[in-house]
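> Below is the sequence, then the predicted model.
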Amino acid sequence: MVNTTYSCEMERRLLLLDVIRGLAIFFVLVSHVLQYYDSKLISQHGLPGVYYVTLGGFGVTLFIILSGMVTEYNYRGEKSLIFFIKRVKRIYSNYWVSLLLAIPLIGGYKVPADKLDSLLNVTGLMVFTGREWGESYILPTGWFIGVILSLYLLFPLLSKLMDKKKNTTLFALFLLSLCFRYYSERYWLSYRPSDWFPLCRLFEFGLGIYLIKNNNILNFLSRFNTKSSMLIYLSAMSFPAYLIHWPLLTVISLYPGSISIVFFFASTFILSYLIFYIDKYVQGKIFRF
């Protein structure tokens, strides 16, 4: 297999996963543009109360599956604490820069009400309060931080269980996710629990681990592995793009039209590259241990 890198963390890359990651962020951005431009263009499909998704929701599902795949591909067998520290420094490096950039973009109208809200925003754990994402969040896309960190904590256990009984573990994760989705949608009073409650996302994350543990699938993915700096950079920018795009959507809501949409995509790309570049510096100069 060919190893390509874009930072000091030396993660191995798979070309098709980079392509899918690019598609995932494209689905999220387009979905939110349509939502601001004309909410009637957004449709939901699936089983009410169990699983329903929009185009953007499908993009998030792809992100979670890809997270399981990339984690299994790069960190299988690594000590749990070391693995988690690596993931934390990568996530928070991107998130904190995005958070700082979001403050001037939102114009200060979402300043946290107290120290607890400030702490929850900084840590990305506001999601576990169950509040609506537009209420107390400086950066509403920060809800994803708490979810993915929780899944990373579970990764060593899930990976070991699949080493013993791969198919049984995946089926069990499917049933658990289904049960938690059903229960949370019907009996919880919090905001969109099936999106943010980690146990509702177990199957998607576990599916990613399962796919990489399948040698036939891994060999197929490796067959297309070529050095493509452009794809690596675009893939690396997908997470920053996901985080920072939300404050830029106000341009479309205030000035609907083709020019504002072009401005949205262009500014998202520029800020994503800025966040990526800062993260690359931070990983190489500050978090290099």
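It's in. Residues are numbered from 1 along each chain as shown.

> Skipping adjacent residues, who's closest to Leu120 in space?
Met126 (4.1 Å; C-beta to C-beta, 6 or more residues apart in numbering). Every C-beta, even on glycine, is put in place using the N, C-alpha and C of the backbone.

> mind listing the strands for the stretch 101-250 of the chain?
Under the criterion DSSP state E, counting those that start in this stretch, the stretch 101-250 of the chain carries no strands.

> low-scoring stretches of it, by residue?
Along the stretch 101-250 of the chain, segments meeting pLDDT under 70 span 107-113, 189, 226-228.

> quick one: the residue nearest to Leu120 from Lys213, how far?
Going from Met126 to Lys213 by C-beta to C-beta, to the nearest Å gives 34 Å.

> Tell me which residues are up against stretch 149-165.
Residues from elsewhere that reach stretch 149-165 (C-beta atoms under 8 Å, 6 or more residues apart in numbering): 64, 67-68, 71-72, 75-76, 80, 83-84, 87-88, 91, 124, 169-170, 173, 198, 201-202, 205-206, 209-210, 213.

> Mind giving me the PyMOL select for the residues you listed, buried ones only?
Those of the contacts of stretch 149-165 that count as buried under 16 or more other C-beta atoms under 10 Å are selected in PyMOL with:
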select buried, resi 64+67+68+71+72+75+76+83+84+87+91+124+169+170+173+198+201+202+205+206+209+210+213
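
> Filter the contacts of stretch 149-165 down to the ones in helices?
Assigned to helices by DSSP state H, the following of the contacts of stretch 149-165 qualify: 64, 67-68, 71-72, 75, 80, 83-84, 87-88, 91, 169-170, 173, 202, 205-206, 209-210, 213.

> Tell me the spacing between Trp133 and Leu178.
As for Trp133, its distance to Leu178 is 24 Å (criterion: C-beta to C-beta).

> correction: Val28
24 Å.

> These two: which has the busier surroundings?
The residue with more neighbours, out of Val28 and Leu178, is Val28; 25 against 16, by other C-beta atoms under 10 Å.

> Surely the more buried one touches Leu62?
No: in this structure, Val28 is not within contact of Leu62 by C-beta atoms under 8 Å, at 9.2 Å.

> now the helices for the stretch 1-150 of the chain?
With helices called from DSSP state H, counting those that start in this stretch, the stretch 1-150 of the chain shows them at 15-37, 55-75, 80-106, 115-123, 143-164.

> Tell me the buried residues in the fourth one?
Same thing as helix 115-123. For helix 115-123, burial by neighbour count (16+ other C-beta under 10 Å) applies to 117, 120-122.

> Repeat that for the first one.
Across helix 15-37, burial judged by 16+ other C-beta under 10 Å covers 15, 17-18, 20-22, 24-25, 27-37.

> Repeat that for the third one.
Of the residues in helix 80-106, those buried under the neighbour-count criterion (16+ other C-beta under 10 Å) are 83-84, 86-87, 89-99, 101-102, 105-106.

> That helix packs against which elements?
Other helices and strands packing on helix 80-106, by 3 or more C-beta pairs under 8 Å, 6 or more residues apart in numbering; DSSP states H and E, are helix 55-75, helix 115-123, helix 143-164, helix 238-248, helix 258-285.

> Let's see that with 7 Å instead.
helix 143-164, helix 238-248, helix 258-285 (3 or more C-beta pairs under 7 Å, 6 or more residues apart in numbering; DSSP states H and E).

> Take the ones you listed and write them to CSV, including distance to Ile232 and mean neighbour count.
Shown next, in CSV, are the helices and strands packed on helix 80-106 (distance: least, C-beta to C-beta, whole Å; neighbours: other C-beta atoms under 10 Å):
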stretch, distance to Ile232, mean neighbour count
helix 143-164, 21, 19
helix 238-248, 11, 24
helix 258-285, 11, 17
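
> which stretch among these comes nearest Tyr191?
Closest to Tyr191 of the helices and strands packed on helix 80-106 is helix 143-164 (C-beta to C-beta; 9.3 Å).

> pull the CA atoms of the closest one into CSV?
In CSV, the C-alpha atoms belonging to helix 143-164 read as follows (Å, rounded to 0.1, in the frame of the first residue of the first chain):
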residue,chain,number,x,y,z
TRP,A,143,-22.4,19.4,18.1
PHE,A,144,-20.3,16.9,16.1
ILE,A,145,-17.3,17.2,18.5
GLY,A,146,-18.9,15.5,21.5
VAL,A,147,-20.4,12.7,19.3
ILE,A,148,-17.2,11.8,17.5
LEU,A,149,-15.1,12.0,20.7
SER,A,150,-17.5,9.6,22.4
LEU,A,151,-17.2,7.2,19.5
TYR,A,152,-13.4,7.4,19.6
LEU,A,153,-13.5,6.4,23.3
LEU,A,154,-15.4,3.3,22.3
PHE,A,155,-13.2,2.4,19.4
PRO,A,156,-10.7,0.1,21.2
LEU,A,157,-13.5,-1.9,22.6
LEU,A,158,-15.4,-2.1,19.3
SER,A,159,-12.3,-3.1,17.4
LYS,A,160,-11.4,-5.9,19.8
LEU,A,161,-15.0,-7.2,19.8
MET,A,162,-15.0,-7.4,16.0
ASP,A,163,-11.7,-9.2,16.1
LYS,A,164,-13.4,-12.0,18.0
